[in-house]
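Colleague: missing the sequence, but the structure's below:
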(Lines give C-alpha, C1' and ligand atoms only; values in the text may rest on other atoms or scores of the structure.)
Protein backbone atom coordinates (compact mmCIF):
# COMPACT_ATOMS: atom_id res chain seq x y z
CA UNK A 1 0.00 0.00 0.00
CA UNK A 2 1.23 3.50 -0.88
CA UNK A 3 0.07 7.09 -0.41
CA UNK A 4 0.79 8.73 -3.77
CA UNK A 5 3.37 11.06 -2.18
CA UNK A 6 6.60 10.80 -4.18
CA UNK A 7 9.74 10.26 -2.09
CA UNK A 8 12.38 10.48 -4.79
CA UNK A 9 12.89 10.88 -8.52
CA UNK A 10 14.73 7.93 -10.00
CA UNK A 11 16.03 7.30 -13.48
CA UNK A 12 15.85 4.33 -15.81
CA UNK A 13 19.34 2.83 -15.66
CA UNK A 14 18.50 0.01 -18.05
CA UNK A 15 15.83 -2.40 -19.25
CA UNK A 16 16.60 -6.00 -20.19
CA UNK A 17 13.89 -7.91 -22.03
CA UNK A 18 13.44 -11.58 -21.17
CA UNK A 19 10.82 -13.24 -23.33
CA UNK A 20 7.46 -11.57 -22.56
CA UNK A 21 8.85 -10.06 -19.35
CA UNK A 22 11.68 -7.67 -18.53
CA UNK A 23 13.99 -6.48 -15.77
CA UNK A 24 14.10 -2.78 -14.94
CA UNK A 25 17.15 -1.19 -13.31
CA UNK A 26 16.54 2.06 -11.44
CA UNK A 27 19.13 4.61 -10.30
CA UNK A 28 18.00 6.59 -7.26
CA UNK A 29 19.28 8.49 -4.25
CA UNK A 30 16.79 8.13 -1.41
CA UNK A 31 16.40 11.27 0.72
CA UNK A 32 17.37 9.39 3.90
CA UNK A 33 20.19 7.52 2.11
CA UNK A 34 18.67 4.30 3.43
CA UNK A 35 18.48 1.42 1.00
CA UNK A 36 15.24 -0.57 0.90
CA UNK A 37 15.45 -4.22 1.87
CA UNK A 38 15.40 -6.95 -0.73
CA UNK A 39 11.79 -7.87 -1.39
CA UNK A 40 10.40 -4.48 -0.36
CA UNK A 41 7.57 -3.05 -2.45
CA UNK A 42 8.33 0.18 -4.32
CA UNK A 43 5.88 2.13 -6.46
CA UNK A 44 7.58 3.06 -9.74
CA UNK A 45 5.46 5.57 -11.67
CA UNK A 46 2.53 4.15 -9.75
CA UNK A 47 3.35 0.48 -10.44
CA UNK A 48 4.01 -1.74 -7.41
CA UNK A 49 7.29 -3.60 -7.97
CA UNK A 50 9.54 -5.78 -5.79
CA UNK A 51 13.06 -4.50 -5.08
CA UNK A 52 15.85 -6.88 -6.12
CA UNK A 53 19.44 -6.39 -4.93
CA UNK A 54 18.77 -2.89 -3.62
CA UNK A 55 21.49 -0.46 -2.57
CA UNK A 56 21.28 3.16 -1.46
CA UNK A 57 21.69 4.21 -5.11
CA UNK A 58 20.09 1.48 -7.21
CA UNK A 59 17.64 -1.40 -7.35
CA UNK A 60 16.32 -3.82 -9.95
CA UNK A 61 12.77 -5.05 -10.42
CA UNK A 62 11.24 -7.75 -12.57
CA UNK A 63 8.36 -6.77 -14.86
CA UNK A 64 5.92 -9.62 -15.41
CA UNK A 65 4.30 -10.09 -18.83
CA UNK A 66 1.14 -8.53 -17.34
CA UNK A 67 3.09 -5.45 -16.22
CA UNK A 68 4.80 -5.16 -19.60
CA UNK A 69 1.44 -5.38 -21.40
CA UNK A 70 -0.52 -2.97 -19.18
CA UNK A 71 2.05 -0.28 -18.33
CA UNK A 72 4.63 1.88 -20.07
CA UNK A 73 7.60 0.81 -17.92
CA UNK A 74 9.23 -1.56 -20.41
CA UNK A 75 9.15 1.06 -23.18
CA UNK A 76 10.76 3.93 -21.24
CA UNK A 77 14.11 5.15 -22.60
CA UNK A 78 17.32 5.15 -20.53
CA UNK A 79 17.45 8.21 -18.28
CA UNK A 80 13.67 8.65 -18.14
CA UNK A 81 12.45 10.03 -14.83
CA UNK A 82 10.52 7.81 -12.42
CA UNK A 83 8.34 8.75 -9.45
CA UNK A 84 9.34 6.48 -6.56
CA UNK A 85 7.65 5.72 -3.26
CA UNK A 86 8.43 3.01 -0.73
CA UNK A 87 5.50 1.14 0.79
CA UNK A 88 3.54 2.72 3.63
CA UNK A 89 4.55 1.52 7.10
CA UNK A 90 1.95 0.68 9.74
CA UNK A 91 1.42 3.74 11.92
CA UNK A 92 2.95 6.11 9.37
CA UNK A 93 1.10 9.35 8.67
CA UNK A 94 -1.07 9.14 5.56
CA UNK A 95 -0.75 12.39 3.64
CA UNK A 96 -2.17 11.39 0.26
CA UNK A 97 -4.68 8.58 -0.21
CA UNK A 98 -4.53 4.80 -0.29
CA UNK A 99 -2.78 3.76 -3.51
CA UNK A 100 -2.39 0.08 -4.36
CA UNK A 101 0.16 0.38 -7.14
CA UNK A 102 -2.21 -1.41 -9.56
CA UNK A 103 -2.52 0.51 -12.83
CA UNK A 104 -6.05 0.62 -14.22
CA UNK A 105 -5.19 2.18 -17.58
CA UNK A 106 -2.67 4.17 -19.56
CA UNK A 107 -4.19 7.60 -20.21
CA UNK A 108 -3.19 10.66 -22.22
CA UNK A 109 -2.65 14.25 -21.16
CA UNK A 110 -5.04 16.12 -23.44
CA UNK A 111 -4.39 19.72 -22.43
CA UNK A 112 -2.52 21.81 -19.87
CA UNK A 113 -3.37 25.39 -18.92
CA UNK A 114 -1.52 27.72 -16.57
CA UNK A 115 -3.57 29.43 -13.86
CA UNK A 116 -1.16 31.75 -12.05
CA UNK A 117 1.34 29.51 -10.23
CA UNK A 118 -0.83 26.47 -10.79
CA UNK A 119 -1.39 24.20 -13.78
CA UNK A 120 -4.66 22.51 -14.71
CA UNK A 121 -4.58 19.28 -16.66
CA UNK A 122 -7.26 17.60 -18.72
CA UNK A 123 -6.71 13.85 -18.95
CA UNK A 124 -8.47 11.20 -21.02
CA UNK A 125 -10.65 8.56 -19.38
CA UNK A 126 -10.86 5.10 -21.01
CA UNK A 127 -14.26 3.47 -21.19
CA UNK A 128 -14.96 1.55 -18.00
CA UNK A 129 -12.93 3.82 -15.73
CA UNK A 130 -15.38 6.73 -15.72
CA UNK A 131 -17.64 5.09 -13.12
CA UNK A 132 -14.68 5.00 -10.69
CA UNK A 133 -14.12 8.78 -10.83
CA UNK A 134 -15.99 11.50 -8.97
CA UNK A 135 -15.47 15.23 -8.43
CA UNK A 136 -13.20 15.83 -5.42
CA UNK A 137 -12.31 12.15 -5.44
CA UNK A 138 -8.76 10.83 -5.52
CA UNK A 139 -6.71 9.50 -8.42
CA UNK A 140 -3.07 8.64 -8.90
CA UNK A 141 -1.26 9.68 -12.09
CA UNK A 142 2.18 8.09 -12.51
CA UNK A 143 2.02 7.38 -8.80
CA UNK A 144 1.17 10.95 -7.73
CA UNK A 145 -1.90 11.48 -5.53
CA UNK A 146 -4.22 14.10 -7.05
CA UNK A 147 -7.81 15.31 -6.65
CA UNK A 148 -10.36 15.31 -9.46
CA UNK A 149 -11.33 18.96 -10.00
CA UNK A 150 -13.79 18.46 -12.87
CA UNK A 151 -15.24 15.50 -14.69
CA UNK A 152 -16.59 15.03 -18.20
CA UNK A 153 -17.79 12.06 -20.19
CA UNK A 154 -14.38 10.94 -21.41
CA UNK A 155 -12.04 13.24 -19.50
CA UNK A 156 -11.26 14.57 -16.04
CA UNK A 157 -9.23 17.53 -14.78
CA UNK A 158 -6.76 17.92 -11.92
CA UNK A 159 -5.04 21.00 -10.52
CA UNK A 160 -1.29 20.74 -9.93
CA UNK A 161 0.35 22.89 -7.25
CA UNK A 162 3.92 24.21 -7.74
CA UNK A 163 5.33 21.68 -5.23
CA UNK A 164 3.92 18.76 -7.21
CA UNK A 165 5.31 20.12 -10.46
CA UNK A 166 8.76 20.63 -8.90
CA UNK A 167 9.09 17.40 -6.89
CA UNK A 168 7.70 14.85 -9.38
CA UNK A 169 8.15 14.02 -13.04
CA UNK A 170 4.79 15.63 -13.87
CA UNK A 171 6.30 19.09 -14.34
CA UNK A 172 8.19 17.91 -17.43
CA UNK A 173 5.16 16.45 -19.22
CA UNK A 174 3.36 18.13 -22.10
CA UNK A 175 0.05 17.43 -23.89
CA UNK A 176 0.21 14.10 -25.67
CA UNK A 177 2.18 12.42 -22.88
CA UNK A 178 0.93 9.10 -21.53
CA UNK A 179 0.50 8.36 -17.83
CA UNK A 180 -0.48 5.50 -15.57
CA UNK A 181 -3.91 5.96 -14.01
CA UNK A 182 -5.07 4.33 -10.79
CA UNK A 183 -8.56 5.18 -9.63
CA UNK A 184 -9.50 5.22 -5.96
CA UNK A 185 -9.80 1.74 -4.43
CA UNK A 186 -12.91 2.70 -2.47
CA UNK A 187 -14.61 3.95 -5.64
CA UNK A 188 -13.88 0.60 -7.32
CA UNK A 189 -15.67 -1.39 -4.66
CA UNK A 190 -18.58 1.01 -4.32
CA UNK A 191 -19.09 1.20 -8.09
CA UNK A 192 -19.17 -2.57 -8.37
CA UNK A 193 -21.39 -3.02 -5.32
CA UNK A 194 -24.10 -0.67 -6.55
CA UNK A 195 -23.94 -1.91 -10.12
CA UNK A 196 -22.90 1.33 -11.83
CA UNK A 197 -22.15 -0.25 -15.18
CA UNK A 198 -23.89 2.18 -17.51
CA UNK A 199 -20.83 4.44 -17.83
CA UNK A 200 -23.01 7.51 -17.37
CA UNK A 201 -21.00 10.57 -16.22
CA UNK A 202 -22.07 11.73 -12.77
CA UNK A 203 -23.79 8.46 -11.78
CA UNK A 204 -21.40 7.88 -8.89
CA UNK A 205 -22.01 11.38 -7.57
CA UNK A 206 -25.76 10.73 -7.74
CA UNK A 207 -25.28 7.60 -5.67
CA UNK A 208 -23.24 9.47 -3.07
CA UNK A 209 -25.93 12.14 -2.92
CA UNK A 210 -28.63 9.55 -2.36
CA UNK A 211 -29.96 9.57 -5.92
CA UNK A 212 -29.29 5.90 -6.54
CA UNK A 213 -30.20 2.92 -4.41
CA UNK A 214 -28.14 -0.24 -4.02
CA UNK A 215 -28.81 -2.99 -6.50
CA UNK A 216 -28.56 -6.74 -6.18
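Modeller: Yep, it's here. This is a predicted model, so every value here is computed, not measured.

Colleague: what's in contact with stretch 75-82?
Modeller: Contacts to stretch 75-82, defined as C-beta atoms under 8 Å, 6 or more residues apart in numbering, come from residues 9-15, 26, 28, 44-45, 169, 172. In this view, the C-beta of every residue, glycine as well, is placed from N, C-alpha and C.

Colleague: try it again at 10 Å.
Modeller: Stretch 75-82 is contacted from outside by 6, 8-15, 22, 24-28, 42-47, 68, 72-73, 142-143, 168-173, 178, using C-beta atoms under 10 Å, 6 or more residues apart in numbering.

Colleague: contacts only, for the most centrally placed residue in the chain.
Modeller: Closest residue to the average C-alpha location of the chain: residue 143 at 3.2 Å, with C-alpha atoms, centre = their mean. Contact partners of residue 143, counting by C-beta under 10 Å, 6+ apart, are 2-6, 43-48, 82-85, 96, 99, 101, 103, 168-170, 179-180, 182.

Colleague: so which of these are in strands?
Modeller: Those of those mapping onto strands are 43, 44, 47, 48, 82, 83, 84, 85, 179, 180, 182, per DSSP state E.

Colleague: would you map the helices across the chain?
Modeller: Remark: helices assigned in the chain by DSSP state H are 65-70, 162-167, 185-193, 203-208.

Colleague: report the mean confidence score over the longest one.
Modeller: Think helix 185-193. Regarding helix 185-193, the rounded mean pLDDT is 75.

Colleague: who are the packing partners of that helix?
Modeller: For helix 185-193, the elements it packs on are strand 138-141, helix 203-208, judged by 3 or more C-beta pairs under 10 Å, 6 or more residues apart in numbering; DSSP states H and E.

Colleague: the inter-axis angle of that helix versus strand 178-183?
Modeller: Interaxial angle, helix 185-193 versus strand 178-183 (axes from the mean of the first three to the mean of the last three C-alpha atoms, to 10 degrees): 70 degrees.

Colleague: can you point out the buried residues in helix 185-193?
Modeller: 185, 187, 188, 190, 191 (16 or more other C-beta atoms under 10 Å).

Colleague: what do you get for the second one?
Modeller: When burial is assessed from 16+ other C-beta under 10 Å, helix 162-167 yields the following buried residues: 164, 165, 167.

Colleague: mean confidence for that helix?
Modeller: What helix 162-167 shows for mean pLDDT is 95.

Colleague: what's that helix packed up against?
Modeller: Counting by 3+ C-beta pairs under 10 Å, 6+ apart, helix 162-167 packs on strand 118-124, strand 144-151.

Colleague: so which bits of the last one are buried?
Modeller: In terms of neighbour count (16+ other C-beta under 10 Å), strand 144-151 has its buried residues at 144, 145, 146, 148, 151.

Colleague: quick one: strands adjacent to it?
Modeller: Strand 144-151 has these partner strands in its sheet, going by DSSP bridges: strand 138-141 (antiparallel), strand 155-160 (antiparallel).

Colleague: let's have the ones you listed in TSV, adding distance to residue 62 and mean neighbour count.
Modeller: Formatted as TSV, these follow (distance: least, C-beta to C-beta, whole Å; neighbours: other C-beta atoms under 10 Å):
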stretch	distance to residue 62	mean neighbour count
strand 138-141	22	26
strand 155-160	31	20
